[in-house]
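**Student:** Using only what follows, build the 3D model:
(one chain, ligands or ions: 1)
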Amino acid sequence: MAPNFAKKEYQFLRELGLAPRNQGCYGSGVWRGHGPTVTSINPANNQPIAEVVEASIEDYEESMVACAEAAKLWMQIPAPKRGEIVRQIGDALRTKVQHLGRLVSLEMGKILPEGIGEVQEIIDMCDYAVGLSRQLNGSIIPSERPNHMMMEVWNPLGVVGVITAFNFPCAVLGWNACIALVCGNTVVWKGAPTTPLITIAMTNLVAEVLEKNNLPGAIFTTFCGGAEIGQAIAHDTRIPLVSFTGSSKVGQFVQQTVNRRFGKCLLELSGNNAIIVMDDADIQLAVRSVLFAAVGTAGQRCTTCRRLLLHETIYQTVLDQLVEAYKQVKVGDPLEKATLLGPLHTPASKVNFEKGIDIIKSQGGKILTGGSSIESEGNFVQPTIVEISPDAPIVKEELFGPVLYVLKFQTLKEAIEINNSVPQGLSSSIFTRRPEVIFRWIGPLGSDCGIVNVNIPTNGAEIGGAFGGEKATGGGREAGSDSWKQYMRRSTCTINYGSELPLAQGINFG
Ligand code: UN1
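**Tutor:** Here you go, the predicted structure:
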């Protein structure tokens with residue numbers, strides 16, 4: 001049933017500024033929408049939640065003119081003052097964390113604690129970015145010439161484009177936007193076509209803060225829309241940096257388009273993450289971690305564990321405990337308290353799961369538990385464990401659902417080889433207590449991923465580190481550490497404060 005917005009249990013939608021029909025473009029500080037009308041669907045029952053009128057290309061053009069203009073103003077505001085605006089965004093999020101988390105759960109389908117966790121991730125990013133706004137430091141470099149000084153000044157890029165995916169419909173916006181804003185850039189955001197209500201609710205919150213501070217709304221410009229808007233962003237020379245989250249296939253296309261115009265890309269693409277359990281591992285810790293990593297968000301995180309590599313001596317013990325744990329997983333409405341596994345995001349994801357299972361069987365995979373979709377009005381499937389050879393072609397692909405491949409190994413070297421044998425390189429984890437194993441794992445001949453963990457799951461990264469991966473994952477790094485540098489341009493400045501003109505490399509010119 002479509003929610004009745006007036007009913008008490010759906011009151012939170014109104015409080016997030018949503019209506020049964022919404023405009024999906026926030027440009028030049030006003031809501032508009034002249035594109036196609038889409039319906040947001042609840043994945044737990046495939047019933048409509050509300051309608052959204054997407055941005056048209058004309059909406060895009062008009063909004064982009066204002067956004068590029070606003071960048072000139074925003075970049076001249078001192079960075080710590082920009083930080084103060086991001087601090088206020090964080091505070092606004094704090095007051096709405098339950099509501100927004102609930103909306104994430106309702107529209108995306110992840111369970112409520114994960115929905116709230118996702119909003120918390122943006123709040124963390126706001127806090128981080130506030131501190132960062134006083135630390136956008138450049139270096140001073142010794143000059144080889146007398147009476148000269150060399151230094152680096154970090155300047156804003158202008159406009160940063162952020163294209164996000166359905167699985168983290170707002171946290172990934174937070175990773176990019178919080179940093180981009182304190183760095184002095186305006187932000188253009190295209191959320192996923194199937195999560196437009198989250199895009200609108202999140203934008204409402206940011207827009208209110210800008211308005212309260214008498215700043216142009218165009219500093220934060222939002223488009224609900226599909227491929228046409230995505231392509232416009234990729235082609236737009238007013239956008240020097242495009243951050244894209246999605247499949248490797250689309251990411252490659254975005255990168256080629258942006259690079260052709262000498263723009264830069266930050267890519268956050270597919271993962272195929274492994275957990276290795278060594279013979280000395282704490283088995284209980286490993287089993288709990290695998291459960292969260294493989295079943296959490298119904299296997300729809302880019303950091304989801306898809307491959308479990310078990311040492312032959314503990315193979316059966318871990319597997320028995322894991323199969324037992326899988327059988328206890330409660331599948332159901334993501335808003336209900338006991339639920340651990342919500343629906344897949346769309347009916348197409350469910351079909352994709354079913355096709356994946358057929359391929360797994362045809363490639364010699366043995367289903368140990370699960371393996372079927374569940375008859376219901378929602379997109380529910382069973383959490384699934386498969387015994388399969390590491391050489392089966394399906395193992396190299398990212399099947400976006402709760403399907404875990406279990407593989408057996410004998411030596412650490414062999415486990416690392418299997419870990420590194422897939423095209424993707426996002427996240428990885430090993431369970432062991434031996435220092436020599438830990439240091440080999442994180443060293444040059446260890447995991448080839450961007451995220452290399454020990455005794456924790458592959459997912460659930462903190463925002464303080466740089467997030468991203470290698471190979472087909474795209475090479476981008478977002479959120480913490482020195483990721484901010486990508487949202488700025490570096491000016492290397494050499495200043496002569498003397499009256500001579502000594503040349504570098506000792507050149508005597510005339
Ligand atoms: C994603 O799946 O696109 O590490 C991002 C994690 C989360 C982010 C996942 N912090 O699982």
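
**Student:** Surely Glu478 touches Gly174?
**Tutor:** No - between Glu478 and Gly174 there is no contact under C-beta atoms under 8 Å: 9.8 Å. To be clear about C-beta, it is placed using only N, CA and C from the backbone, and glycine gets the same treatment.

**Student:** So, low pLDDT: which residues of this structure?
**Tutor:** Low-confidence segments of the chain (pLDDT under 70): 1.

**Student:** picking up where we left off before, Glu478 and Gly174: who's more crowded?
**Tutor:** Gly174 (30 against 25; other C-beta atoms under 10 Å).

**Student:** nearest residue to the more buried one other than its sequence neighbours?
**Tutor:** Ile122 (3.1 Å; C-beta to C-beta, 6 or more residues apart in numbering).

**Student:** Get me the contact residues on the stretch 101-250 of the chain for the ligand.
**Tutor:** 121, 167-168, 172, 245 (C-beta under 6 Å from any ligand atom).

**Student:** from these, which is closest to Gly83?
**Tutor:** Set against Gly83, the nearest of those by C-beta to C-beta is Glu121 (18.5 Å).

**Student:** element containing that closest one?
**Tutor:** helix 112-132 (DSSP states H and E).

**Student:** chain center to that helix: distance?
**Tutor:** 12 Å (C-alpha atoms, centre = their mean, to the nearest Å).

**Student:** send the alpha carbons of it over as CSV?
**Tutor:** Output of helix 112-132 as CSV, limited to C-alpha atoms (Å, rounded to 0.1, in the frame of the first residue of the first chain):
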residue,chain,number,x,y,z
LEU,A,112,16.9,0.3,10.0
PRO,A,113,20.1,0.2,12.0
GLU,A,114,22.0,0.3,8.7
GLY,A,115,19.8,3.1,7.4
ILE,A,116,20.5,5.1,10.6
GLY,A,117,24.2,4.1,10.3
GLU,A,118,24.4,5.5,6.8
VAL,A,119,23.1,8.9,8.0
GLN,A,120,25.6,8.8,10.9
GLU,A,121,28.3,8.4,8.3
ILE,A,122,27.5,11.8,6.9
ILE,A,123,27.4,13.3,10.3
ASP,A,124,30.9,11.9,10.9
MET,A,125,32.0,13.4,7.6
CYS,A,126,30.6,16.8,8.6
ASP,A,127,32.6,16.7,11.8
TYR,A,128,35.7,15.6,10.0
ALA,A,129,35.3,18.3,7.3
VAL,A,130,34.9,21.0,9.9
GLY,A,131,38.3,20.2,11.4
LEU,A,132,39.7,19.9,7.9
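
**Student:** chain center to the following helix or strand past it: distance?
**Tutor:** Moving toward the C-terminus from helix 112-132, the next helix or strand (DSSP H and E) is strand 140-141. On the basis of C-alpha atoms, centre = their mean, strand 140-141 is displaced by 35 Å from the centre of the chain it belongs to.

**Student:** do the same with stretch 402-410
**Tutor:** With C-alpha atoms, centre = their mean, you get 25 Å for stretch 402-410.

**Student:** List the buried residues of it.
**Tutor:** Applying a neighbour-count criterion of 16 or more other C-beta atoms under 10 Å, one finds 402-409 buried in stretch 402-410.

**Student:** Can you tell me which of those is nearest the ligand?
**Tutor:** Among the buried residues of stretch 402-410, Pro402 lies closest to the ligand (C-beta to the nearest ligand atom), at 13.9 Å.

**Student:** ok, that closest one - contacts?
**Tutor:** Taking C-beta atoms under 8 Å, 6 or more residues apart in numbering, we find Pro402 in contact with 294-295, 298-299, 341, 370, 381-384.

**Student:** let's see it at 10 Å
**Tutor:** 294-300, 304, 306, 326, 329, 331, 341, 344, 353, 370, 381-385 (C-beta atoms under 10 Å, 6 or more residues apart in numbering).

**Student:** any idea how far the residue nearest to Gly174 is from the ligand?
**Tutor:** Counting by C-beta to the nearest ligand atom, to the nearest Å, the gap from Ile122 to the ligand is 11 Å.

**Student:** if I pick that residue, what's in contact with it?
**Tutor:** 89-90, 93, 97, 100, 168, 170-175, 177-178, 202, 205, 463.

**Student:** Many thanks, we can stop here.
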